[in-house]
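Colleague: pasting the sequence and the predicted model now:
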Amino acid sequence: MEYLPIYFLLDTSGSMRGEPILSLQNGLQSFVSTLLRNQSTFGRVLVSVITFGDSAEMVVPLEDINSFTVPNMEIYGCTSLGAAFNLVAQEIDLETKVDDYRNQWRPVVFVLTDGEPTDDYTDGLYELRKRNIGNLVLCIAGQNAHVSDPWLANVSDCVTNLDTTDSNTLLTYILNTAM
């Protein structure tokens with residue numbers, strides 16, 4: 001059976017306090033619900049959550065979406081997106097060594113954040129791009145987030161505002177590129 005690994009990189013920096021983290025949690029829950037309704041399209045959907053504040057942390061290792069619940073998140077620190085890119089690259093490497101990679105869709109990585117990283121994300125992004133991922137999607141949350149910020153174009157061509165994008169639109173980022 002084919003399976004689709006999805007990695008969610010969630011910004012838990014201090015700037016996410018209040019409305020942005022609520023937007024992120026609601027958007028993630030809505031998207032997971034959409035994936036559950038459409039999982040027969042992919043065979044088996046696996047999800048993972050990595051949070052990033054002062055550092056990156058694996059909060060939910062890759063697991064079946066049927067068992068997944070949105071985790072509680074502690075808000076603190078800076079926005080270490082580079083550390084999150086490095087960690088997800090390592091996790092993708094582990095996944096491809098453990099399972100039969102021929103039976104899976106290419107991994108899709110969703111980054112949910114409210115703004116620009118505070119670390120140098122370029123090395124981590126380079127490491128992630130060396131993996132055979134299907135797509136890297138940036139979802140910007142909160143009223144102060146702008147999809148036109150110049151740093152976003154350096155990271156991905158797929159940038160959307162989480163507050164105005166529905167989960168079916170996010171689904172197209174998988175359907176168009178993950179195979």
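Modeller: Noted; the coordinates are in hand. Numbers count the residues shown, from 1 in each chain.

Colleague: what average pLDDT does the lengthiest helix in the chain get?
Modeller: Criterion DSSP state H: the longest helix present in the chain is helix 19-38. Helix 19-38 shows a mean pLDDT of 86.

Colleague: name the residues that touch that helix?
Modeller: When contacts are defined by Cβ atoms under 8 Å, 6 or more residues apart in numbering, helix 19-38 is touched by residues 6, 8, 10-12, 16, 45, 47, 65-66, 68, 70, 73, 75, 110, 112, 114, 139, 141-143, 145, 162-163, 165-168, 170-171. Any C-beta I mention is one placed from the backbone N, CA and C, and that applies to glycine too.

Colleague: mind showing which ranges of this protein have poor pLDDT?
Modeller: 1, 96-103, 142-148, 177-179 (pLDDT under 70).

Colleague: rerun that using 80 as the cut-off
Modeller: 1-2, 39-43, 96-104, 141-150, 162-165, 176-179 (pLDDT under 80).

Colleague: in it, which spans are strands?
Modeller: With DSSP state E as the criterion, the chain has strands at 3-11, 44-52, 56-64, 108-113, 135-140, 158-161.

Colleague: I'd like the distance from stretch 77-87 to the chain centre, please.
Modeller: 12 Å (Cα atoms, centre = their mean, to the nearest Å).

Colleague: list the buried ones in that stretch?
Modeller: Residues of stretch 77-87 classed as buried under the neighbour-count rule (16 or more other Cβ atoms under 10 Å) are C78, T79, S80, L81, G82, A83, A84, F85, N86, L87.
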